[in-house]
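Asks: Structure of the sequence below:
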Amino acid sequence: MVTGRTHPTLAHDIASELGITLSSMQIREFANGEIHCRFDESIRGSDLFIVQTHAQPVNDSIMEQLIMIDAGKRASAKRITAVIPNFGYARQDRKSTGREPISAKLLADMLQMAGADRVLTVDLHSGQIQGFFDVPVDHLTAAPVLENYLRQLPRVQDLVVVAPDAGRVKVAERYSQHLGCDLALIHKTRPRGTANVAEARDVVGEVKGRHCILIDDMIDTAGTIQAAAELLKSQGAGEIWVMATHAVFSDPAVQRLTDAPVTRVVVTDTLPLTAANHFDKLEVLSIAPLVAQAIRAVFSDDSVSEIFGGENLA
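Replies: Numbers count the residues shown, from 1 in each chain. Down below sits the predicted model:
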């Protein structure tokens, strides 16, 4: 197993869970920014796992992983698995207006052309992205990590899981079933032709006086979360927590989350967080044990879906 430069801490944590050490490789850049890499040891006939989360700068992260995959292929690795805790361009999975790309499909093609034989990722923005690949995709979900966090706390009374938009209802419903609590939905709209702008219109479900858990796959600028939290508070919600897998935290996310009427923000470490992106309400959970368990299953040709009871496919 090797890692790129975007999130080496997570890769080392995964390796520690597996009881192995990361293989050494050299990654450097030419004066003009071109990336070069070389494996420091023979990988001929090896089952190679290349860990690289697509973090900022996203395009550099992706290109670095593609070059690492190509190097592994040309070094005669037996099977190459691209381990991508956060899959870049996942929000561009369809055409919402004319003359737009489907960039998630383009990235899937690039990974396969580079030589990836398998892809392992966590909480895709849309399950349909799995269909963009002609190689196996192991789609993990951070739900066990987040649910275990809730179960280890003192029993929360009047808990309700809230989907911040219609696209997350299925996931939120799964959480509510596992936790044995109610479900609510925020009706959200986005002004046509805009990005990172969300308008929370109404709440479907009973939230007055209740402990609300907003569940999402990622927090980018936190516009959706802030709008949803403010609407919940206006509807009489009690304590409001936010839980998400990917903490992108593009500006002004930290300020919005700090100002929003939420008391706790719980995320996983699929993406690296700078010191500037830490704030009092934030708690970060490790995704490493879950990814390590999946890598162990892939290596031994065991079932990955059994780890999640078959509930990791969408």
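Asks: which residues sit against the helix or strand of the chain at the bottom of the mean pLDDT ranking?
Replies: In the chain, no helix or strand scores lower on mean pLDDT, DSSP states H and E than strand 199-204, which sits at a mean of 82. Defining contact as CB atoms under 8 Å, 6 or more residues apart in numbering, one finds that strand 199-204 is touched by 162, 164, 184-191, 224, 227-228, 230-232, 235. Every residue, glycine included, has its C-beta placed from N, CA and C.
Asks: who does it pair up with?
Replies: Under the criterion DSSP bridges, strand 199-204 sits next to strand 182-189 (antiparallel) in its sheet.
Asks: Would you mind pulling the contact partners of the partner strand?
Replies: For strand 182-189, using CB under 8 Å, 6+ apart, the contacting residues are 159-166, 169, 172-173, 176, 198-207, 210, 212, 224, 227-228, 231-232.
Asks: Sitting in strands, which of the residues you listed do you find?
Replies: Here DSSP state E is the test, and the contacts of strand 182-189 give 159, 160, 161, 162, 163, 199, 200, 201, 202, 203, 204, 212 as lying in strands.
Asks: how much space between the most far-flung residue of the chain relative to its centre and residue 173?
Replies: For the chain, the residue at maximal distance from the C-alpha centroid (CA atoms, centre = their mean) is residue 31, at 32.3 Å. Distance from residue 31 to residue 173, counting by CB to CB, to the nearest Å: 53 Å.
Asks: Check residue 297 too.
Replies: Shown here: residue 297 relative to residue 173, a distance of 26 Å by CB to CB.
Asks: Could you do residue 184 as well?
Replies: 11 Å.
Asks: now swap in residue 149 and tell me
Replies: According to CB to CB, residue 149 and residue 173 sit 19 Å apart.
Asks: same question, residue 67
Replies: Distance from residue 67 to residue 173, by CB to CB: 40 Å.
Asks: for residue 241, same thing?
Replies: The spacing between residue 241 and residue 173, counted by CB to CB, is 18 Å.
Asks: who's more crowded, those two?
Replies: When residue 241 and residue 173 are compared for neighbours, residue 241 comes out ahead with 21 against 15, by other CB atoms under 10 Å.
Asks: Report the beta-bridge partner residues of that one.
Replies: Under the criterion used here (DSSP bridges), residue 241 is bridged to residue 213, residue 264.
Asks: hang on, it packs against residue 213?
Replies: Yes. Residue 241 is in contact with residue 213 according to CB atoms under 8 Å; the separation is 5.1 Å.
Asks: May I have the secondary structure class of residue 63?
Replies: Assigned by DSSP: H, G, I helix; E, B strand; the rest coil, the conformation of residue 63 is helix.
Asks: show me the contacts for the closest residue to it other than its chain neighbours.
Replies: Closest residue in space to residue 63, ignoring its immediate chain neighbours: residue 35 at 6.1 Å, by CB to CB, 6 or more residues apart in numbering. If you count contacts by CB under 8 Å, 6+ apart, residue 35 has them with 27, 28, 29, 60, 63, 64, 67.
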